[in-house]
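>>> how would this look folded up:
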Amino acid sequence: MVLKSTTSEKFQVLLDNGEFAERSPDSLVPGDVIVIPKHGCLMPCDAALIEGNCIVNEGVLTGESAPVTKVPLNGQDAEIFSGEEHKRHILFHGTTVIQTRFYEGARVLAVVCQTGFYTVKGDLVRSILFPKPIGFKFYRDALRLVGVMAVIAALGMAYSTYIYWKHGEGIGLMILRALDLITIVVPPALPAALTVGIVYSQRRLKKVGIFCISPSRINVCGKIKLVCFDKTGTLTEEGLDLMGVIPAVDGDLGPMVANLADLERQDPLLVGMASCHSLTMIDGKLNGDPLDLKLFEATDWVFCEPRQDDGDSGAFDSLIPTTVFPKKRVEMNLRDGFEKEEGSDGHVGIVKQFPFSSGLQRMAVVTRAPDDNCFTAFVKGSPEKIVSLSRPDSVPLNFHKTLHFYAHQGFRVIAMGYRKLDPKLAFHQMARLKREAVESELTFIGLLIMRNNLKPESAQVIGDLIASDIKTVMVTGDNMLTAISVGHDCGMIPKGDEVVIVDVLPPDERTSSLAHILWRSNDLASSSSDVSLAESDGSSSTPSRAISANEYLITMDRPKYHFAMTGRSFSVLLQHFPELVPKIMVRGTIFARFSPEQKTQLVEKYIDLEYITGMVGDGANDCGALKAAHAGISLSEAEASVASPFTSSRNTIECVPTVIKEGRCALVTSFGIFKYMALYSMVQFVAVLILYEVCCLV
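Below you'll find the predicted structure:
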């Protein structure tokens, strides 16, 4: 079977002689260099961008409505190409290229990486056609019982053959009667009868907007004992509201500034908010990530993309494709009649973008103002990551206290830093500029405070699940303290229960310290009571891990406490303390700063602990975890969400109790039908054997 291309548009392919020739999408093979059309296209394959930029709608794969910017690969990189690590450079099969950007006289080129079932979309289709088998105990026990019944049927066949042989019956009659017993003991209608409850449950789910592509998973839902929830877009609303900013002034973070008009026009924090994004103008409308849109609109600046005289908005003839400038400056210029050159004061050109990466937890841009003698880089991302990339002398002394204060209240906190690049760096060197050269030695400039409200249905659903003795877990890429606050708000962490943050530190060869665990309370006042369970016996010269002395925090009789940990600690825990993983996961409730791969790993670990596990996510970064869980429920209608067994048309977690209820209904029905069919077969089997004996005697 071959996965055919979904587009009939022909593509220009670069030949060995340097000429271009048109080919159909079905004839493309890995290694072909294709031209991405100016007007956009539907991608027929996975291709790595090598020249020019593209604005792509990946909604069919990720569920995100905002277009993303794809940038070309850096030809100077020596690292091996990886589809996962370089996905910001890849145009995926099935996605739509909305707009291309290229230098005047050049083309947007991409190298074909994969075609057919080897593409990301092909893998999605393959996972649907050949789903991963599930090890449900009911199905295993059913097969065992069928095997026992087959043995009984074999004994019955031998007995009936003996009876007919003893009474001198013909061989044809003996074979016929023996085969009758097989269909009596092992009824052919058994598989069809077992699906009756599943079919009715699937119909009821469809009526309430829940669609299932793997009906066998409905029975599994009846035994769910743990449900993992994503946070943003699942437990909380998708959109964020900007509450204010906290600039770093003289080595200190002051009070929050709610009105950005109170900042100076060229304040680095304000300029960074206006320029550090991946927004683009499509059909006269600003498009991009909702978070970037919120931040840019709050600045009250103007976004401008240059157009050529021929009206082709896809090309640009300079190295500054996008400019931003204060709106008030434009209005003053129009009113006072300033010259055009003076009106350009305050303009900032966005020269290069490094798109946001969930693995790196940050994004960056390189900008240039007309009156600057050097380029300026702005980096935006998680506070922990930005601080690690900033110069220590630029980090405010009260950074951790301020971050704890706002994150503890449930606010989403984003940090920003900037850096002046080498004045000798020229425009033509931008294409070869590496990300590592930009995102280092930053000057910390402030925090952005965002509010993410809890969905009104979340608390009720979480309460119902806990009341049903179903464990609930939050796994998110957001800040730890923000996740803990949301956990309190939705009832995942009941009032009065203690949260113990588990910090697992890797070995440090510089200090010869072993891997060790720090347990600390979420309460800021108890931060001085941190306990280290590290003890070195000095027997090993190579730093490996610490010996957990007593592990009293895990084994002691304290029913009202929950563990919370980050993705980094989770990785170190798996590597150095594998024997503690089950104990911590059983008590774990909050898992923050988890990458998509770590979410999948967490679900698989819970399955290894024999939990029948459900996963609920919005389909964007949760596809792997949704497919790995026994019952993955996607709240997104994106194409990638089809890989999960269940998809809800309503973007709330109210579907979770419904799926579990229908699963239990189907499971009870399957149990009842199985017992009826088994008992009916045994009664009929005994009756037929008696009749065989009687008939032979007569």
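>>> Lys455 touches Thr232, doesn't it?
No: here Lys455 does not reach Thr232: they are 10.8 Å apart, not a contact under CB atoms under 8 Å. For every residue, glycine as well, the C-beta is placed using N, CA and C.
>>> neighbour-wise, which of the two wins?
The residue with the greater number of neighbours, taking Lys455 and Thr232 and applying other CB atoms under 10 Å, is Thr232; the counts read 23 against 19.
>>> how about the helices of the stretch 301-450 of the chain, start to end?
Listed in chain order, the helices of the stretch 301-450 of the chain (DSSP state H, counting those that start in this stretch) span 327-336, 340-343, 383-389, 399-408, 435-438.
>>> rank those helices by pLDDT, which is bottom?
Ranked by mean pLDDT, these bottom out at helix 340-343, which scores a mean of 41.
>>> ok, now which ones touch Val475?
Under the criterion of CB atoms under 8 Å, 6 or more residues apart in numbering, the contact partners of Val475 comprise 228-230, 591, 594, 599, 602, 625.
>>> ok, what's across the strand from it?
Taking DSSP bridges as the rule, Val475 bridges to Phe591.
>>> any figure for the gap between it and Val504?
17 Å (CB to CB, to the nearest Å).
>>> now do Thr96
In this structure, Thr96 and Val504 are separated by 43 Å, where distance is defined by CB to CB.
>>> neighbour-wise, which of the two wins?
Here Thr96 and Val504 are set side by side on neighbour count (other CB under 10 Å), and the busier one is Val504, at 23 against 17.
>>> pretty sure that one belongs to a helix, no?
No: with DSSP: H, G, I helix; E, B strand; the rest coil as the criterion, Val504 is strand rather than part of a helix.
>>> in the stretch 101-250 of the chain, which spans are strands?
Using DSSP state E, counting those that start in this stretch, the strands of the stretch 101-250 of the chain run over 109-114, 210-212, 226-229, 241-249.
>>> for the ones you listed, which one sits closest to Gly491?
If you check each of the strands of the stretch 101-250 of the chain against Gly491 by CB to CB, strand 226-229 wins as the nearest, at 11.9 Å.
>>> give the partner strands of that closest one in its sheet and their orientations.
Strands adjacent to strand 226-229 in the sheet, as given by DSSP bridges, are strand 471-475 (parallel), strand 613-617 (parallel).
>>> mind listing what's buried in it?
Judged by neighbour count (16 or more other CB atoms under 10 Å), strand 226-229 contains these buried residues: 226-229.
>>> need the contact partners of it.
By CB under 8 Å, 6+ apart, the residues outside strand 226-229 that reach it are 235, 465, 470-475, 492, 599, 602-603, 606, 611-617, 625, 629, 653, 656.
>>> recalculate using a threshold of 6 Å.
The set of residues external to strand 226-229 that reach it, using CB atoms under 6 Å, 6 or more residues apart in numbering, is 235, 471-475, 606, 611, 613-616.
>>> can you point me to the longest helix in the protein?
The longest helix of the chain (DSSP state H) is helix 655-697.
>>> now do that helix: which elements does it pack against?
helix 137-166, helix 171-185, helix 190-194, helix 196-207, helix 216-221 (3 or more CB pairs under 6 Å, 6 or more residues apart in numbering; DSSP states H and E).
>>> tilt between it and helix 137-166?
The directions of helix 655-697 and helix 137-166 differ by 10 degrees, with axes from the mean of the first three to the mean of the last three CA atoms, to 10 degrees as the criterion.
>>> show me how far helix 655-697 is from its chain's centre.
The offset between the C-alpha centroid of helix 655-697 and the centroid of the whole chain comes to 42 Å, using CA atoms, centre = their mean, to the nearest Å.
>>> and for stretch 9-24?
For stretch 9-24, the distance from its own C-alpha centre to the chain's C-alpha centre is 36 Å (CA atoms, centre = their mean).
>>> check which residues of it are buried.
Of the residues in stretch 9-24, those buried under the neighbour-count criterion (16+ other CB under 10 Å) are 11-14.
>>> and if you look at stretch 163-182?
163-164, 174, 177-178, 181-182.
>>> next, give me the two most distant ones among the contacts of strand 226-229.
Taking CB to CB as the measure, these reach their widest spread between Leu235 and Tyr611, a distance of 19.9 Å.
>>> more crowded one of these two?
Taking other CB under 10 Å, Leu235 and Tyr611 do not tie; Leu235 has more neighbours (28 against 22).
>>> state the distance from the more buried one to Cys490.
Distance of Leu235 to Cys490, given as CB to CB: 6 Å.
>>> what's the overlap in contacts for these two?
Between them, Leu235 and Cys490 have Ser458 as joint contacts when contacts are counted by CB under 6 Å, 6+ apart.
>>> contact partners for Pro247?
The neighbours of Pro247, taking CB under 6 Å, 6+ apart as the test, are 269, 446.
>>> what's the pLDDT at it?
Note on Pro247: pLDDT of 89.
>>> cool, and Asp530?
38.
>>> low-confidence ranges, the stretch 501-650 of the chain, go.
Counting by pLDDT under 70, the stretch 501-650 of the chain contains low-confidence ranges at 511-512, 522-559, 619-621, 637-643.
>>> do the same with the stretch 201-350 of the chain
Applying pLDDT under 70 to the stretch 201-350 of the chain picks out residues 239, 306-321, 328-345.
>>> repeat that for 50
Segments of the stretch 201-350 of the chain classed as low confidence (criterion: pLDDT under 50) are 308-320, 329-344.
>>> can you give me the strands in the stretch 401-550 of the chain?
According to DSSP E, counting those that start in this stretch, the stretch 401-550 of the chain carries its strands in the segments 411-420, 443-451, 471-475, 498-505, 516-521, 531-532.
>>> I'd like to know which of the ones you listed lies nearest to Ser394.
Among these, the nearest to Ser394 by CB to CB is strand 443-451 (4.6 Å).
>>> mind listing what's buried in that closest one?
Counting neighbours by 16+ other CB under 10 Å, one finds that the buried residues in strand 443-451 are 444-451.
>>> and it, how far out from the chain middle?
The chain centroid and the centroid of strand 443-451 are separated by 24 Å, computed with CA atoms, centre = their mean.
>>> got it, and stretch 18-28?
Once both centres are worked out by CA atoms, centre = their mean, stretch 18-28 turns out to sit 35 Å from its chain's centre.
>>> please save the CA atoms from that stretch in PDB.
What follows is stretch 18-28 as a C-alpha-only set of coordinates in PDB (Å, rounded to 0.1, in the frame of the first residue of the first chain):
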ATOM      1  CA  GLY A  18      21.300  23.300 -12.700                       C
ATOM      2  CA  GLU A  19      18.000  23.600 -14.600                       C
ATOM      3  CA  PHE A  20      14.500  23.200 -13.100                       C
ATOM      4  CA  ALA A  21      11.900  20.700 -14.400                       C
ATOM      5  CA  GLU A  22       8.300  20.100 -13.300                       C
ATOM      6  CA  ARG A  23       7.400  16.900 -11.700                       C
ATOM      7  CA  SER A  24       4.300  15.400 -10.100                       C
ATOM      8  CA  PRO A  25       4.200  15.000  -6.300                       C
ATOM      9  CA  ASP A  26       4.100  11.200  -6.600                       C
ATOM     10  CA  SER A  27       7.400  11.200  -8.400                       C
ATOM     11  CA  LEU A  28       9.400  13.000  -5.700                       C
END
